[in-house]
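J.: Quick one: sequence and predicted model below, then my questions.
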Amino acid sequence: HLQAGEFQAIDRLSAPGADGSVSSQLINGLVEMLSSLAAGAHVAYIAGFHSDIGPAPPAGQPAWASGDHVASVHMNQGSASHHAATDAPHQDGAALFYNPTADTWSGYFAAYKSQSFATNPATGHALAAHPSLAFMQSAVHLDTSLIKEVKDVTSATVSQPDAVNEALKQRSHDMLANMQRGLVYPAPAAAFVLASAGPASLKNIAQLIADMRAFIHANVHHQHASVIVGVDFHKWAAWGGSSSIAHFNYPENGSDTLLPNIYSRSRGVYCNSGSDLFFHIKADTPAGVTAISAQLRKELVKYGAGQQYDQTDAHTRGCTDDKKTDGRILGCRYAENLQNPSTPVEVVDHVLVGEDHPEHLGGTVIFTQKFKFNWDDLLQRSGANIEDLIGRHAYTSEFIPSVDFRAHIRASHVRDDNGNAIKILRLGLPYGTRADTVPPMAVPQAQRTATDEEGLFFLGMARSAARMERVLQSQIGPQDGFMQDRLFSLMRASAGGFFYVPAQHELALPPENLLTHSGEADADGTPLTWSHFPGIDWWRLSRHYSAGKSTNGVLFYNHHEYLYEMSTADVDADIQRLLPPSPRVLALLEKTFDRWQDSWYVPHTPPEAPALGDCLIQYFNAHPGDVKKYCPADVSTAKDASDYIMANEPIAIRAGWAARLGYGMVFVDPVTGARANGVDPVTGRPMAGSNTFH
């Protein structure tokens, strides 16, 4: 960080080369900016690397020839082969200039002709299928007008909010472009496959996925079909993959951080089958799933994989919408996946790995379990008892306002260290049909239905293993072998485990060509919109509010619909009508909505604010100079100032003080304004905060 005055004005730079490789206009613009910096009009931020190439510069040599300087103030990825060893993402250099008077920023960015803008997001290496900048320049016959355009861009000013929002858009774009195709799509029919890898390598599995996509495009392209692959954490590590998001906080025996202790703690309720691979096959019909799974079996055999192969076919039941994705479970008593993340802003924040682990950008962690229901026990229970196990009313899915933390929806509602709810994207489906016991139990006939399934194949996704683990540990509770979540008294898993779903670039597959709201068109002329992403149409996600919603277009059924409409506005008419907030505001709203909804699960009774008189004493102790400003000359102490205001000022003035101190002091206090629930520092008892401190 270089303050104004630490630079000296540059009065001479090398002239452009004979081939015109350096634009004099660009150089002049940079000289002008640095001269302005030296005059004290700007602050500069230089991003680069410290270079240690020697002591003080030799006589007659410039300062940059010494070891004490910043080097590589240019793009540091996408390099030619002889510099590729230094490639890495998120290490590019640049020069940024801030004008505090105008509150504007200017930037200077440089790259070598031999470098390429198309890079692998995990390694930073240039993608072979894309040209270098030198090829791009020769292809367009760069002339003076284009050089002037580049110069204008480098000296353009960009406001901070715009820069933040553009960065968030790019972040969402990169994450969604690198997720496996169709990853978050809730299909009406599916197959869940657990298989061994055998001698197959990661390269083999990547080729298998590419071949399966080709098969789908040729044979079942009309069925919104896809195949997702997940890799066991140990197998992923053996293949040389990074395990930065596969770390568990509570490992088995305290040593194997790639294996959680939930299997032993649950005493067999959760199951780890030890499978190397997991495949999630999706299609609109069971016939489509059958065709894809048959081809998958052939592909596995080709690479020597699949000696252990366990497939579970499943499909939605009791659907009421034309998408056939709002199915039901437990004999059609309860809606599937009711509180799923269903908008781009939620998926990016909760489901996909982001820039905190760039090597996994667009990947996710999944937890799968093949649960079988104990129908003999379940059918002996009353309807009210079953509803208490879940925490919702049957058939209507209405929330039951009880305080039983052992109900399934409460035991599964967990917050992270910041007080935000952990959202799991669940794509489980019911499988099979309930079988009568032998001899049959004396179950009232009215309790049985033809839609009673054998069980549920659960599939949950989160951006890290630790977040998923936190939910599962809450379901188990504090005592090993005793499930806090009462629903698990009726179900037990026979197969499943944790798997990492690699991003596109980790499978050597190119990022998806995301469709944007920029007004561009696809190769066939199809308009590109924000509502469609690779392998997924956001409209097809189950949102459970399509019936009975307002027709005026500006009154929303709930906050889920609001986030969906605002984050998928894709045409100018919708944008003008809705005026959607920026990506940053939408992300903040999503967390705010969650904290509101959090009060459904956990009682929120925030502590009473302290008396205004006490707050005034605290304020004047911190600002003694304000005593004379707001009180007569004979008032000198903070206590006297408080007493004077409380006894002599009219109600309107005291109300003003209450608002000022409330917003400026009380509710920004980390105790009173704590997010979610905390602990009273005095009594040590649990307390709810006001959710106003961030």
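T.: All right, it came through fine.
J.: you'd agree residue 289 is in a strand?
T.: No - read with DSSP: H, G, I helix; E, B strand; the rest coil, residue 289 is helix and lies in no strand.
J.: show me the contacts for it.
T.: When contacts are counted by Cβ atoms under 8 Å, 6 or more residues apart in numbering, residue 289 touches 189-191, 281-283, 313. No exception for glycine: its C-beta is placed from N, CA and C like everyone else's.
J.: if you set the cut-off to 6 Å instead, what comes out?
T.: 189, 191, 281, 283 (Cβ atoms under 6 Å, 6 or more residues apart in numbering).
J.: ok, the last one touching residue 225?
T.: Looking back up the chat, that one is residue 283. Yes - if you go by Cβ atoms under 6 Å, residue 283 and residue 225 touch, sitting 4.2 Å apart.
J.: how about the helices in the stretch 501-650 of the chain?
T.: Ranges of helices in the stretch 501-650 of the chain, per DSSP state H, counting those that start in this stretch, are 559-567, 572-578, 583-601, 612-622, 626-630, 638-648.
J.: Kindly tell me how buried residue 426 is, as a neighbour count.
T.: Close neighbours of residue 426, defined as other Cβ atoms under 10 Å, add up to 19.
J.: For it, which non-adjacent residue is spatially closest?
T.: Spatial nearest neighbour of residue 426, excluding adjacent residues (Cβ to Cβ, 6 or more residues apart in numbering): residue 337 at 4.4 Å.
J.: For residue 169, list the residues it contacts.
T.: Contact analysis of residue 169 by Cβ under 6 Å, 6+ apart lists residue 583.
J.: and it, what helix or strand is that in?
T.: Secondary structure assigned from DSSP states H and E places residue 169 in helix 160-178.
J.: And that helix, what's buried?
T.: Using 16 or more other Cβ atoms under 10 Å as the test for burial, helix 160-178 gives 165, 168-169, 172, 174-178.
J.: After it, which helix or strand is next?
T.: Following helix 160-178 in sequence, per DSSP H and E, is strand 189-195.
J.: From the contacts of residue 289, pick the one nearest residue 116.
T.: residue 281 (35.7 Å; Cβ to Cβ).
J.: what are the phi and psi angles of that closest one?
T.: Backbone torsions for residue 281, taken as degrees, to the nearest 10, come to phi -100, psi 130.
J.: in the sheet, who's paired with it?
T.: Legend: beta-bridge partners of residue 281 under DSSP bridges are residue 191, residue 227.
J.: What about it, how many residues nearby?
T.: That count, for residue 281 with other Cβ under 10 Å as the rule, works out to 26.
J.: Over to the one 10 residues further on?
T.: Applying other Cβ under 10 Å, we find 19 residues neighbouring residue 291.
J.: cool, residue 384 as well?
T.: When neighbours are defined as other Cβ under 10 Å, residue 384 has 10 of them.
J.: Residue 192: neighbouring residues, count only.
T.: Residues lying near residue 192 (other Cβ under 10 Å) number 25.
J.: Thought residue 457 was touching it, still the case?
T.: Yes - with contact defined as Cβ under 6 Å, residue 192 counts as touching residue 457 (4.9 Å).
J.: Quick check: neighbours shared by the two?
T.: What both residue 192 and residue 457 touch, as defined by Cβ under 6 Å, 6+ apart, is the set residue 312.
J.: Once you drop chain neighbours, what's closest to residue 253?
T.: Closest to residue 253 by Cβ to Cβ, 6+ apart is residue 261, at 7.7 Å.
J.: Read off the pLDDT value for the one you found.
T.: pLDDT, residue 261: 94.
J.: swap in residue 515?
T.: In this model, residue 515 is scored at 51, pLDDT.
J.: The stretch of helix or strand residue 457 belongs to vs strand 189-195, what angle?
T.: Using DSSP H and E, residue 457 sits in strand 455-462. Per axes from the mean of the first three to the mean of the last three Cα atoms, to 10 degrees, the angle that strand 455-462 makes with strand 189-195 is 80 degrees.
J.: After strand 455-462, which helix or strand is next? Please name it.
T.: Going down the chain from strand 455-462, the next helix or strand is helix 465-476, by DSSP H and E.
J.: centre of the chain versus that next one, how much separation?
T.: Averaging C-alpha positions (Cα atoms, centre = their mean, to the nearest Å) puts helix 465-476 17 Å from its chain's average.
J.: cool, and stretch 262-272?
T.: Worked out by Cα atoms, centre = their mean, stretch 262-272 lies 28 Å from the chain centre.
J.: Assign residue 318 to helix, strand or coil.
T.: Under three-state DSSP, residue 318 falls in the coil class.
J.: Helices of the stretch 351-500 of the chain, start to end?
T.: Per DSSP H, counting those that start in this stretch, the stretch 351-500 of the chain carries helices over the ranges 375-378, 383-390, 408-411, 465-476.
J.: Save the ones you listed as TSV, and put in mean pLDDT and distance to residue 74 too.
T.: Formatted as TSV, these follow (pLDDT from 0 to 100; distance: least, Cβ to Cβ, whole Å):
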stretch	mean pLDDT	distance to residue 74
helix 375-378	85	65
helix 383-390	87	58
helix 408-411	88	53
helix 465-476	94	37
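J.: Looking at the ones you listed, which is nearest to residue 341?
T.: Between residue 341 and the helices of the stretch 351-500 of the chain, the shortest gap by Cβ to Cβ is with helix 465-476, which sits at 12.5 Å.
J.: before we move on, the earlier item: between the contacts of residue 289, which sits nearest residue 201?
T.: Nearest to residue 201 out of the contacts of residue 289 is residue 281 (Cβ to Cβ; 21.9 Å).
J.: Next one: the closest one from residue 329, what distance?
T.: From residue 281 across to residue 329, the span is 20 Å (Cβ to Cβ, to the nearest Å).
J.: Residue 165 too?
T.: Residue 165 sits 40 Å away from residue 329, going by Cβ to Cβ.
J.: In space, not sequence, find me the middle residue of this structure.
T.: residue 349 (2.3 Å; Cα atoms, centre = their mean).
J.: Name the residues that touch stretch 613-627?
T.: 638-639, 641-642, 645-646, 661.
J.: Just the buried ones from these?
T.: Buried among these (16+ other Cβ under 10 Å): 638, 641-642, 645, 661.
J.: What residues does residue 124 make contact with?
T.: Counting by Cβ under 6 Å, 6+ apart, residue 124 touches 77, 87-89.
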